[in-house]
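S.K.: give the three-dimensional model of this entry:
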Amino acid sequence: MNGLGRILMIIGGAVFLIGALVWIISKAGLPLGRLPGDAVWEGKNVKVYVPFATMILVSVVLTVLLNVIARFGKK
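M.R.: Next up is the predicted model:
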């Protein structure tokens, strides 16, 4: 059970850090979710956002960040 508790604490900490990062980015004025390439469809009673450009940008940044962390973690 100790292993499960540790994993849950690590996941909780990661969720907290991601939430803090998103909050800081929103306060900095970066237009995540409103980049060119993000699709918005507005119907009569519904609005649908599909942030293609934001998803690609976040994916590239996380890939680079995790690769840097993995390289430093091996040493």
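S.K.: helix/strand/coil for the residue with the largest distance to the centre of the chain?
M.R.: What lies farthest from the middle of the chain is residue 44; by CA atoms, centre = their mean that is 30.1 Å. Following DSSP: H, G, I helix; E, B strand; the rest coil, the label given to residue 44 is coil.
S.K.: give me the phi and psi angles of it.
M.R.: For residue 44, the backbone dihedrals (degrees, to the nearest 10) come out as phi -70, psi -50.
S.K.: any idea of the pLDDT on it?
M.R.: We have a pLDDT of 93 for residue 44.
S.K.: can you pull the contacts of the most centrally placed residue in the chain?
M.R.: Centroid-nearest residue in the chain: residue 58, 5.9 Å away (criterion: CA atoms, centre = their mean). Counting by CB atoms under 8 Å, 6 or more residues apart in numbering, residue 58 makes contact with residue 32. The C-beta positions use only the backbone N, C-alpha and C, and glycine is treated the same way.
S.K.: tell me which element it is part of?
M.R.: helix 52-74 (DSSP states H and E).
S.K.: just the C-alpha atoms of that helix, please, in CSV.
M.R.: Extracted in CSV, the C-alpha atoms of helix 52-74 (Å, rounded to 0.1, in the frame of the first residue of the first chain):
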residue,chain,number,x,y,z
PHE,A,52,-5.8,22.2,-32.7
ALA,A,53,-3.0,24.8,-32.6
THR,A,54,-3.0,24.9,-28.8
MET,A,55,-2.8,21.1,-28.5
ILE,A,56,0.1,20.9,-30.9
LEU,A,57,2.0,23.7,-29.1
VAL,A,58,1.4,22.1,-25.6
SER,A,59,2.5,18.7,-27.1
VAL,A,60,5.8,20.1,-28.5
VAL,A,61,6.6,22.0,-25.2
LEU,A,62,5.9,18.9,-23.0
THR,A,63,7.9,16.6,-25.3
VAL,A,64,10.9,18.9,-25.2
LEU,A,65,10.6,19.4,-21.4
LEU,A,66,10.1,15.7,-20.6
ASN,A,67,13.1,14.8,-22.9
VAL,A,68,15.3,17.3,-21.0
ILE,A,69,14.2,15.9,-17.7
ALA,A,70,14.8,12.3,-18.9
ARG,A,71,18.3,13.1,-20.1
PHE,A,72,19.3,14.7,-16.7
GLY,A,73,17.6,11.9,-14.8
LYS,A,74,19.9,9.3,-16.4
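S.K.: that concludes my questions; thank you for your assistance.
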